[in-house]
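**Student:** The following block contains a protein sequence and its predicted model.
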Amino acid sequence: MNTKTLLRYIMAVALLATCVLATSCHSNEQNYKAAYDKAMDKYKTGIGAETYDRIQAEKVRPNTVINGDSVRLVRMYANVYDDSTTIAKPYNVVVAEFTQQFNAKTMRDRLRTEDHLPSYVLFGGNERKYYVIASGFDDKESAAFFLKETDKKLKTKVLVPRAWILNRL
(Lines give C-alpha, C1' and ligand atoms only; values in the text may rest on other atoms or scores of the structure.)
Protein backbone atom coordinates (compact mmCIF):
# COMPACT_ATOMS: atom_id res chain seq x y z
CA MET A 1 0.00 0.00 0.00
CA ASN A 2 1.41 3.35 -0.94
CA THR A 3 1.40 6.47 1.21
CA LYS A 4 -1.41 8.22 -0.67
CA THR A 5 -3.75 5.23 -0.32
CA LEU A 6 -2.92 4.89 3.37
CA LEU A 7 -3.54 8.62 3.91
CA ARG A 8 -6.91 8.38 2.12
CA TYR A 9 -7.83 5.36 4.22
CA ILE A 10 -6.97 7.19 7.47
CA MET A 11 -8.95 10.26 6.35
CA ALA A 12 -11.99 8.09 5.48
CA VAL A 13 -11.88 6.37 8.89
CA ALA A 14 -11.54 9.73 10.67
CA LEU A 15 -14.47 11.17 8.68
CA LEU A 16 -16.60 8.12 9.47
CA ALA A 17 -15.75 8.36 13.18
CA THR A 18 -16.60 12.08 13.20
CA CYS A 19 -19.97 11.40 11.54
CA VAL A 20 -20.81 8.68 14.04
CA LEU A 21 -19.89 10.86 17.01
CA ALA A 22 -21.72 13.90 15.64
CA THR A 23 -24.98 12.02 15.08
CA SER A 24 -24.96 10.17 18.38
CA CYS A 25 -24.33 13.17 20.69
CA HIS A 26 -27.14 15.50 19.70
CA SER A 27 -30.19 16.14 21.84
CA ASN A 28 -33.52 14.97 20.62
CA GLU A 29 -37.10 15.18 21.79
CA GLN A 30 -36.85 11.92 23.72
CA ASN A 31 -33.86 13.21 25.71
CA TYR A 32 -35.68 16.44 26.55
CA LYS A 33 -38.81 14.54 27.60
CA ALA A 34 -36.78 12.20 29.79
CA ALA A 35 -35.05 15.14 31.48
CA TYR A 36 -38.39 16.91 31.99
CA ASP A 37 -39.99 13.79 33.48
CA LYS A 38 -37.03 13.34 35.81
CA ALA A 39 -37.27 16.97 36.96
CA MET A 40 -41.01 16.67 37.55
CA ASP A 41 -40.54 13.50 39.60
CA LYS A 42 -37.93 15.28 41.70
CA TYR A 43 -40.30 18.23 42.19
CA LYS A 44 -43.22 16.01 43.20
CA THR A 45 -41.17 14.06 45.69
CA GLY A 46 -39.25 17.10 46.94
CA ILE A 47 -41.35 20.15 47.72
CA GLY A 48 -44.85 18.99 46.81
CA ALA A 49 -47.95 21.05 46.07
CA GLU A 50 -49.02 21.39 49.71
CA THR A 51 -45.65 22.76 50.79
CA TYR A 52 -45.61 25.15 47.83
CA ASP A 53 -49.05 26.46 48.84
CA ARG A 54 -47.81 27.03 52.41
CA ILE A 55 -44.79 28.95 51.09
CA GLN A 56 -47.06 31.19 49.01
CA ALA A 57 -49.39 31.78 51.96
CA GLU A 58 -46.42 32.72 54.15
CA LYS A 59 -45.41 35.36 51.60
CA VAL A 60 -48.80 37.07 51.96
CA ARG A 61 -49.14 36.68 55.73
CA PRO A 62 -48.93 39.93 57.72
CA ASN A 63 -45.81 40.04 59.81
CA THR A 64 -45.55 43.54 61.31
CA VAL A 65 -47.90 45.63 63.44
CA ILE A 66 -47.92 49.34 62.58
CA ASN A 67 -50.47 51.71 64.12
CA GLY A 68 -52.45 48.71 65.35
CA ASP A 69 -52.74 47.12 61.88
CA SER A 70 -51.01 43.95 60.71
CA VAL A 71 -49.13 44.61 57.49
CA ARG A 72 -46.60 42.77 55.40
CA LEU A 73 -43.30 44.64 55.61
CA VAL A 74 -40.37 43.15 53.72
CA ARG A 75 -36.83 44.52 53.97
CA MET A 76 -34.73 44.05 50.85
CA TYR A 77 -32.13 45.60 48.63
CA ALA A 78 -33.75 47.14 45.58
CA ASN A 79 -32.64 49.68 43.01
CA VAL A 80 -34.72 52.26 41.20
CA TYR A 81 -35.32 51.18 37.63
CA ASP A 82 -35.16 53.81 34.84
CA ASP A 83 -36.08 56.82 37.00
CA SER A 84 -34.11 59.22 39.12
CA THR A 85 -32.83 57.58 42.28
CA THR A 86 -33.92 60.64 44.27
CA ILE A 87 -37.62 59.73 43.98
CA ALA A 88 -37.22 56.47 45.88
CA LYS A 89 -38.14 56.50 49.55
CA PRO A 90 -37.23 54.02 52.32
CA TYR A 91 -40.81 52.67 52.64
CA ASN A 92 -42.62 51.78 49.42
CA VAL A 93 -46.14 50.45 48.85
CA VAL A 94 -45.95 47.59 46.34
CA VAL A 95 -49.07 47.08 44.21
CA ALA A 96 -47.62 44.76 41.55
CA GLU A 97 -44.56 42.63 40.90
CA PHE A 98 -43.37 41.35 37.55
CA THR A 99 -40.54 39.38 36.02
CA GLN A 100 -40.76 41.42 32.79
CA GLN A 101 -39.67 45.06 32.82
CA PHE A 102 -42.17 46.01 30.09
CA ASN A 103 -45.11 44.92 32.24
CA ALA A 104 -43.78 46.83 35.25
CA LYS A 105 -43.26 50.01 33.23
CA THR A 106 -46.77 49.75 31.77
CA MET A 107 -48.32 49.37 35.22
CA ARG A 108 -46.25 52.28 36.53
CA ASP A 109 -47.45 54.48 33.66
CA ARG A 110 -51.08 53.55 34.36
CA LEU A 111 -50.66 54.51 38.01
CA ARG A 112 -49.15 57.85 36.99
CA THR A 113 -51.85 58.72 34.44
CA GLU A 114 -55.02 57.18 35.91
CA ASP A 115 -54.34 57.57 39.64
CA HIS A 116 -51.97 60.58 39.52
CA LEU A 117 -49.48 58.90 41.85
CA PRO A 118 -45.70 59.41 41.95
CA SER A 119 -45.19 55.74 41.14
CA TYR A 120 -41.91 54.14 40.12
CA VAL A 121 -40.33 50.73 39.66
CA LEU A 122 -37.81 49.05 41.95
CA PHE A 123 -35.76 46.07 40.82
CA GLY A 124 -34.13 43.55 43.10
CA GLY A 125 -34.72 41.08 45.87
CA ASN A 126 -33.88 37.40 45.90
CA GLU A 127 -36.37 36.71 43.13
CA ARG A 128 -34.95 39.46 40.88
CA LYS A 129 -38.34 41.02 40.18
CA TYR A 130 -39.62 44.42 39.15
CA TYR A 131 -41.75 45.88 41.95
CA VAL A 132 -44.26 48.56 40.98
CA ILE A 133 -44.48 51.17 43.73
CA ALA A 134 -47.68 53.20 44.03
CA SER A 135 -46.04 55.69 46.37
CA GLY A 136 -43.01 55.97 48.61
CA PHE A 137 -42.76 57.32 52.15
CA ASP A 138 -40.07 58.37 54.61
CA ASP A 139 -41.64 56.51 57.54
CA LYS A 140 -43.46 53.21 57.90
CA GLU A 141 -46.49 54.76 59.63
CA SER A 142 -47.32 56.90 56.58
CA ALA A 143 -46.79 53.90 54.30
CA ALA A 144 -49.10 51.77 56.47
CA PHE A 145 -51.80 54.46 56.35
CA PHE A 146 -51.55 54.65 52.54
CA LEU A 147 -51.57 50.84 52.36
CA LYS A 148 -54.77 50.72 54.38
CA GLU A 149 -56.41 53.15 51.93
CA THR A 150 -55.17 51.61 48.65
CA ASP A 151 -58.52 50.03 47.77
CA LYS A 152 -60.22 53.42 48.10
CA LYS A 153 -57.48 55.53 46.49
CA LEU A 154 -56.55 53.44 43.46
CA LYS A 155 -58.64 53.13 40.32
CA THR A 156 -56.06 50.70 38.97
CA LYS A 157 -56.40 47.11 40.17
CA VAL A 158 -53.73 45.91 42.59
CA LEU A 159 -51.94 42.98 40.94
CA VAL A 160 -50.59 41.22 44.01
CA PRO A 161 -52.76 39.14 46.37
CA ARG A 162 -52.44 41.97 48.86
CA ALA A 163 -50.47 45.23 48.63
CA TRP A 164 -47.46 45.35 50.94
CA ILE A 165 -44.63 47.58 52.11
CA LEU A 166 -41.10 47.18 50.80
CA ASN A 167 -38.48 48.64 53.11
CA ARG A 168 -35.67 49.55 50.74
CA LEU A 169 -32.22 48.98 52.22
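**Tutor:** Nice, thanks for sending it over.
**Student:** which residues sit against whatever helix or strand Asp151 lives in?
**Tutor:** According to DSSP states H and E, Asp151 maps onto helix 150-153. Helix 150-153 is touched from outside by 93, 95, 115, 134, 146, 158, 163, with contacts defined as C-beta atoms under 8 Å, 6 or more residues apart in numbering. In short, each C-beta sits where N, CA and C put it, glycine included.
**Student:** Show me what secondary structure element comes after the host helix or strand of the fourth one.
**Tutor:** Ala134 is part of strand 129-137 when elements are defined by DSSP H and E. Note on strand 129-137: by DSSP H and E, the next helix or strand toward the C-terminus is helix 140-148.
**Student:** For the protein, give me the ranges with low pLDDT.
**Tutor:** For the chain, applying pLDDT under 70 flags the ranges 1, 21-29, 40, 42-49, 52, 56-57, 59-62.
**Student:** For it, just list every one of the helices.
**Tutor:** Applying DSSP state H to the chain gives helices spanning 3-24, 29-46, 48-60, 101-114, 140-148, 150-153.
**Student:** can you redo those as CSV with distance to Val121 and mean neighbour count?
**Tutor:** Output for the helices of the chain, formatted as CSV (distance: least, C-beta to C-beta, whole Å; neighbours: other C-beta atoms under 10 Å):
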stretch, distance to Val121, mean neighbour count
helix 3-24, 47, 10
helix 29-46, 31, 10
helix 48-60, 20, 11
helix 101-114, 5, 16
helix 140-148, 17, 19
helix 150-153, 17, 11
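**Student:** So which of those helices is nearest Arg72?
**Tutor:** Judged by C-beta to C-beta, the one of those that comes nearest to Arg72 is helix 48-60, at 6.8 Å.
**Student:** and Leu122, how far is that from Val80?
**Tutor:** Distance of Leu122 to Val80, computed by C-beta to C-beta, to the nearest Å: 6 Å.
**Student:** When the two are compared, which one has more neighbours?
**Tutor:** Neighbour count, other C-beta atoms under 10 Å: between Leu122 and Val80, Leu122 has more, with 25 against 18.
**Student:** quick one: contacts for the residue nearest to that one when sequence neighbours are not counted?
**Tutor:** The spatially closest residue to Leu122, leaving aside those adjacent along the chain, is Ala78, at 4.0 Å (C-beta to C-beta, 6 or more residues apart in numbering). With contact taken as C-beta under 8 Å, 6+ apart, Ala78 is in contact with 122-125, 131, 166, 168-169.
**Student:** Kindly report the same for Pro90.
**Tutor:** So Pro90 contacts 136-139, 167-168 (C-beta under 8 Å, 6+ apart).
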